[in-house]
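**Student:** here is a sequence together with a model predicted from it:
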Amino acid sequence: MRAVWWREVRELLLPGLGAGVALWALGGDWAVRTQHPDRVALFGVVGGGFGLFQGLLDRRRRDDGFLLHRPASALRVHAARGLAGLTWLLVGALAFAGGLAYERQRWDSFPWIAYRDMLRVAEGRFDSDHGPAVTPRAELLVLFGLVTAAAWAAARFGVTRRRPVLAVLTTGIAVLGTWSFVARTPDVPSAVVATGIAAVGWFTWGLLDLAGARR
């Protein structure tokens, strides 16, 4: 299945790099701003956009001879393709971490310390007398990643509907329904659990749907 995985990774190169650049920018932005759970929607936009691209590939793969004649089960073939998408999401997570680390290092080495502190006070980002901007909590970082993955899986599932109108409707319902489901949670830990369930659910449903279409 390595050949299937590698082919999908290569074909997702441009959208994968685009998602990585966007997550790098989000990491840099969040390194110097107070963290708010409601801004997690930005990660959903990135994940959903990436899912749209892979979903379009899924539509083409339904009649792809390279996949149809592989000496392996449909489930294994599409699991390898799903793993390729997850690989690019992992690259995006590393890009986010890199952007966050780079911006924090650059900000903390800013030569005019008094001016920097004045900016932090003015923007409500000053956390202590000599401390850096507010550090993202671990649970928020987990939520960011899961929202990206859930939006990717939901958008990818929706786009693969055979009829274009149904694909558009299903994509909108899947993505917005997932966001509504997560937004109704009372706190961040609950949102993490809800988003994790949504991500696994959409990924599994999409995998079974694609595998069934090949039989």
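**Tutor:** Right, received. Where do you want to start? Given the structure is predicted, the values throughout are model-derived calculations rather than measurements.
**Student:** residue ranges for the helices of this protein, please.
**Tutor:** With DSSP state H as the criterion, the chain has helices at 2-11, 13-30, 41-61, 65-68, 74-108, 113-122, 138-159, 164-183, 188-214.
**Student:** please identify the most buried of the ones you listed.
**Tutor:** Using mean count of other Cβ atoms under 10 Å, the stretch among the helices of the chain with the largest mean neighbour count is helix 138-159, at a mean of 25. Bear in mind the C-beta positions are built from the backbone N, C-alpha and C, glycine included.
**Student:** the helices of the chain: lowest mean pLDDT?
**Tutor:** Ranked by mean pLDDT, the helices of the chain bottom out at helix 113-122, which scores a mean of 47.
**Student:** I'd like the distance from stretch 197-213 to the chain centre, please.
**Tutor:** Using Cα atoms, centre = their mean, to the nearest Å, the mean C-alpha position of stretch 197-213 is found 16 Å from that of the whole chain.
**Student:** ignore the last one, stretch 164-174
**Tutor:** Centre to centre, stretch against its chain (Cα atoms, centre = their mean), the figure for stretch 164-174 is 19 Å.
**Student:** other residues contacting that stretch?
**Tutor:** Stretch 164-174 is contacted from outside by 52, 55, 59, 154-155, 157-161, 202, using Cβ atoms under 8 Å, 6 or more residues apart in numbering.
**Student:** center of the protein - which residue?
**Tutor:** With the centre of the chain defined as its mean C-alpha position, the nearest residue by Cα atoms, centre = their mean is residue 148, 2.4 Å away.
**Student:** contacting residues for it?
**Tutor:** Taking Cβ under 8 Å, 6+ apart, we find residue 148 in contact with 23, 43-44, 46-47, 89, 92-93.
**Student:** of all pairs in the residues you listed, which one is the farthest apart?
**Tutor:** The distance between the two most remote of the contacts of residue 148 (Cβ to Cβ) is 14.7 Å, for 44 and 93.
**Student:** still on that earlier bit, adding distance to residue 195, write the contacts of stretch 164-174 out as JSON lines.
**Tutor:** As requested, the contacts of stretch 164-174 are exported to JSON lines (distance: Cβ to Cβ, whole Å):
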{"residue": "52", "distance to residue 195": "19"}
{"residue": "55", "distance to residue 195": "19"}
{"residue": "59", "distance to residue 195": "26"}
{"residue": "154", "distance to residue 195": "11"}
{"residue": "155", "distance to residue 195": "14"}
{"residue": "157", "distance to residue 195": "15"}
{"residue": "158", "distance to residue 195": "17"}
{"residue": "159", "distance to residue 195": "20"}
{"residue": "160", "distance to residue 195": "21"}
{"residue": "161", "distance to residue 195": "23"}
{"residue": "202", "distance to residue 195": "11"}
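**Student:** biggest separation within those residues, which pair?
**Tutor:** Of all pairs drawn from these, the widest gap by Cβ to Cβ lies between 59 and 202 and measures 16.8 Å.
**Student:** separation between the nearest residue to residue 99 once chain neighbours are set aside and residue 171?
**Tutor:** Sequence neighbours aside, residue 27 is the residue nearest to residue 99 in space, at 3.0 Å (criterion: Cβ to Cβ, 6 or more residues apart in numbering). For residue 27, the distance to residue 171 (Cβ to Cβ, to the nearest Å) stands at 27 Å.
**Student:** could you do residue 43 as well?
**Tutor:** Taken as Cβ to Cβ, the spacing of residue 43 relative to residue 171 amounts to 18 Å.
**Student:** cool, thanks, talk later.
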